[in-house]
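Got a predicted model here, sequence first, then my questions.
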Amino acid sequence: MNYKKISKQALGFFPTPIVELSNLSKVLGGPKIWMKRDDNTGLALGGNKTRKLEYILGDALACGADTIITAGAAQSNHCRQTAAAAASLQLECHLVLGGEKPDIVNGNLMLDMLFGCHIHWAGVNRKGDDIPQIMEQLKQSGKKPYVVPYGGSNELGALAFVEALKELEIQFQAIDEPVTHIVFASSSGGTQAGLMLGKKMLGASYQIVGINIDKGEIANVSFDQHILSLANSTAKFMGVKHAFSKQDLILNSDYVGEGYGVFGDLEHEAISLTAQTEGILLDPVYTGRAMGGLFDMIRSGKINKKDSVLFWHTGGVPALFAYPNIVTASKC
């Protein structure tokens, strides 16, 4: 199919900038480090899900939907951006959030409520297990609901990151900078699947390195198999003749710690050091863990001083305000 004719709804500010993190690189004694600032996409304080939602909600509008449903954790960045996008398009929004309603509302959850969405608390089912029941209830009430997949990670969401890599490639050409690694937080699979396919289409040589931030499975499938399956289905969707295998996938699961959203020393150092050297904020769940993984790979020699790394900042900063234990004695 001609994927360039797919319905797309403008929601963010692109291209997002890339910046060099020279102070951080100096402190780490490591390689040159660049950052792709998808925390600056503009929608509801930014984040990489904006890219995915442009295609997914474009499809929702083309299908005549008047209601959007998606799922995530209580501090989900994806849900926050989905709620904001739905508000901007005047679509009713339902969020199915894991856990129970907290006594204190802050971070992304506060913004979800500000955008006027309907929140359904789902206990342990933070990945959308309860969506079919809510979907049926909405249909019976006369609504035309559309399900945005967990993390926005389907073929449309992955397509957004094929296009994102093309955007980045133009920026690389402008600065004439050879990059050896692209490192990012990998959670629902769409970002990594899209970047893998984009790399194949561009014939690029850099490594696409996903830092796994969650111990769980997706739809009862191991995360690595989920990414490969999505990369292959997206290739088919876009008419690209390539079959991805395990040899194409770099998913580092060394830093999942105690699991999803469990804040530890790794995330604390990454957030604090990046803030104090570059004035850039990371989040405690995704980019903090991924940057901590990058620190370790540099210190252990897996990434050496001669390399040049691009860290893809996928956003999530509002979640900082739900983790007050991040703040300790400042060096400033």
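Yes, it's here.

Could you pull out the helices in this protein for me?
22-28, 49-62, 77-88, 107-114, 131-140, 155-175, 190-202, 223-238, 265-278, 287-299 (DSSP state H).

tell me the mean pLDDT for the shortest one?
Looking back up the chat, that one is helix 22-28. When pLDDT is averaged along helix 22-28, the result is 98.

Distance of the closest residue in space to S229 that isn't next to it in sequence relative to I271?
Nearest residue to S229, sequence neighbours excluded (CB to CB, 6 or more residues apart in numbering): V221, at 7.1 Å. No exception for glycine: its C-beta is placed from N, CA and C like everyone else's. V221 is 31 Å from I271, where distance means CB to CB, to the nearest Å.

Looking only at neighbour counts, state which of the two leads.
I271 (25 against 13; other CB atoms under 10 Å).

shouldn't the more buried one be in contact with Y323?
No - here I271 lies out of contact with Y323, judged by CB atoms under 8 Å, at a distance of 9.1 Å.

Tell me how far N106 lies from E20.
In terms of CB to CB, N106 sits 33 Å off from E20.

can you check S7 too?
Per CB to CB, S7 is found 36 Å from E20.

Next: Q207.
19 Å.

Could you report the neighbour count for K127?
22.

Y150 is in contact with that one, correct?
Yes - applying CB under 8 Å, one finds K127 in contact with Y150, separated by 5.1 Å.

What about the spatially closest residue to G259 that is not a sequence neighbour, how many residues nearby?
Spatial nearest neighbour of G259, excluding adjacent residues (CB to CB, 6+ apart): K215 at 4.9 Å. K215 is flanked by 13 other residues according to other CB under 10 Å.

Now do the contacts for K215.
256, 259-260 (CB atoms under 8 Å, 6 or more residues apart in numbering).

Can you tell me the number of residues neighbouring E100?
Neighbourhood size, E100 [other CB under 10 Å]: 10.

what does P15 give?
When neighbours are counted by other CB under 10 Å, P15 registers 15.

and what of F321?
15.

what sits against it?
Neighbours of F321 in contact, by CB under 8 Å, 6+ apart: 106-107, 110.

Try it again at 6 Å.
106-107 (CB atoms under 6 Å, 6 or more residues apart in numbering).

Number the chain from 297, please
Sure, I'll start numbering at 297, so the last one becomes F617.

Please report the distance of it from F411.
Taken as CB to CB, the span from F617 to F411 is 16 Å.

So the chain: which segments form each domain?
Annotated domains of the chain cover 299-343+450-622, 345-448 [automatic domain parsing].

What's the mean pLDDT across the last one?
Mean pLDDT, computed over domain 345-448, is 94.

Distance across that domain, terminal residue to terminal residue?
7 Å (CA to CA, to the nearest Å).

Now the common contact residues for I567 and Y619.
With CB under 6 Å, 6+ apart, I567 and Y619 have no common neighbours.

quick one, what contacts the closest residue in space to V392 that isn't next to it in sequence?
Closest residue to V392 apart from its sequence neighbours, by CB to CB, 6+ apart: A367 at 4.1 Å. With contacts defined as CB under 6 Å, 6+ apart, A367 is in contact with 392, 424, 446.

burial measure for the last one, as a count.
Think Y446. Neighbourhood size, Y446 [other CB under 10 Å]: 24.

roughly how far apart are it and M492?
Y446 is 19 Å from M492, by CB to CB.

Then S482?
S482 is 11 Å from M492, by CB to CB.

Same check on E473?
For E473, the distance to M492 - CB to CB - is 21 Å.

and these two? which has more neighbours close in?
Neighbour totals were compared for E473 and M492, and M492 leads with 28 against 14 (other CB under 10 Å).

If L393 is in a bridge, with which residues?
G368, W417 (DSSP bridges).

and it, what does it touch?
Per CB under 6 Å, 6+ apart, neighbours of L393: 370, 415, 417.

Recalculate using a threshold of 8 Å.
L393 touches 367-370, 372, 375, 405, 408, 415-418, 422, counting by CB under 8 Å, 6+ apart.

Which member of those residues is positioned nearest L341?
D408 (12.2 Å; CB to CB).

wait, that closest one sits on C375?
Yes - with contact defined as CB under 8 Å, D408 reaches C375; the gap is 6.0 Å.
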